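*Asks:* structure for the following, please:
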Amino acid sequence: MGQLVFDQDAAEQFDLRYRTRDMVRRRALVRDALGARPGDRILDVGCGPGFAIAELVDQVGTTGSIVGVDRSPQMLATAARRCAAFPNVMLHQADVAALPLDDAAFDRALCVQVLEFVPDVAAALGELHRVVRPGGRVVVWDVDWSTVSWHSPEPARMQRVLQAWDEHLTHPALPRTLAAQLRSVGFEGVEMVGYAFTTADLDPDTYAATVFHFVSQFVAGRCGLSAADVAAWVAEQRELDQRGEFSFACIQFCFSATRP
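*Replies:* This is a model prediction of the structure:
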């Protein structure tokens, strides 16, 4: 059974859920780490529906440019609509491990919650190193799914849900080794900062609500979970929310580095 599929339904869900408060907060943290300036050439690897690109346009100004890359044609179509008014934005369908871009073509690059899905992380990081100029900066953001703390009065079932959710990607705990992998391909000045995303309710604006949606759609048939098991878990979580007993937390990690 495969990983999460980034099809039209997923593109529509991401377009909706990337508008939420927690995702807006995350993009602001990424922008702060990236430090884009007027005239910069920026690469967004795994650009998805294009929110980050649209929010960076003002920072690079008319003398700068932004290139977005994604494997999903549905995501790129959404990004193209969002960025249609920006003549200094270009979009490409491509694999992060084989970017159709020139060497040293960018001043800065961002790659947000992408590498955890990529089979060959070293190859992808090598491509980021290749396309960023000497002195250029990269920002990589990924989730360590092993840090998830999710309350349930049925802990055994909750554990199976989380184990099943780990199957949606290739590297559930990638941040543990990402700093070392950045250094191994030649990046220097690697910095790592963790951000807790926590909530005590299922407010639609929270990261928890986004994860809850995708988990509930993904885990049935995995780790011995039947559709009835998942429905019972969903009902349990909604009841916890109504009683004021819902609790979710996870840690997401922002890595920044420079090509010497």
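*Asks:* may I have the host helix or strand of residue 252 as PDB, with CA atoms only?
*Replies:* For residue 252, the host element (DSSP states H and E) is strand 248-258. The C-alpha trace of strand 248-258 is given here as PDB (Å, rounded to 0.1, in the frame of the first residue of the first chain):
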ATOM      1  CA  PHE A 248      -2.300  17.200  20.200                       C
ATOM      2  CA  ALA A 249       1.300  18.200  19.900                       C
ATOM      3  CA  CYS A 250       4.200  17.700  17.500                       C
ATOM      4  CA  ILE A 251       7.500  19.200  16.800                       C
ATOM      5  CA  GLN A 252       8.500  20.600  13.400                       C
ATOM      6  CA  PHE A 253      12.100  21.400  12.600                       C
ATOM      7  CA  CYS A 254      13.600  24.300  10.600                       C
ATOM      8  CA  PHE A 255      17.100  23.800   9.200                       C
ATOM      9  CA  SER A 256      19.100  26.600   7.600                       C
ATOM     10  CA  ALA A 257      22.500  26.300   5.900                       C
ATOM     11  CA  THR A 258      24.800  28.000   3.500                       C
END
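*Asks:* tell me the strands beside that strand, with direction?
*Replies:* strand 132-150 (antiparallel), strand 188-199 (antiparallel) (DSSP bridges).
*Asks:* tell me the buried residues in stretch 112-132?
*Replies:* Buried residues in stretch 112-132, counted by 16 or more other Cβ atoms under 10 Å: 112-118, 121, 124-132. In short, each C-beta sits where N, CA and C put it, glycine included.
*Asks:* same question for stretch 189-207.
*Replies:* For stretch 189-207, the neighbour count (16+ other Cβ under 10 Å) marks 190, 197, 199, 201-202, 205-207 as buried.
*Asks:* and the pLDDT for residue 33?
*Replies:* Per-residue pLDDT puts residue 33 at 99.
*Asks:* same thing with residue 2?
*Replies:* With respect to pLDDT, residue 2 scores 57.
*Asks:* one step back: tabulate the strands paired with strand 248-258 in CSV, adding columns for mean pLDDT and distance to residue 79.
*Replies:* Output for the strands paired with strand 248-258, formatted as CSV (pLDDT from 0 to 100; distance: least, Cβ to Cβ, whole Å):
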stretch, mean pLDDT, distance to residue 79
strand 132-150, 99, 18
strand 188-199, 98, 24
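*Asks:* out of those strands, which comes closest to residue 98?
*Replies:* strand 132-150 (16.1 Å; Cβ to Cβ).
*Asks:* which parts of the closest one are buried?
*Replies:* Residues of strand 132-150 classed as buried by neighbour count (16+ other Cβ under 10 Å): 132, 136-145, 147-148, 150.
*Asks:* who are the contact partners of the nearest residue to residue 146 once chain neighbours are set aside?
*Replies:* In space, and not counting its chain neighbours, residue 146 is closest to residue 173: 4.6 Å by Cβ to Cβ, 6 or more residues apart in numbering. Going by Cβ atoms under 8 Å, 6 or more residues apart in numbering, residue 173 touches 144-146.
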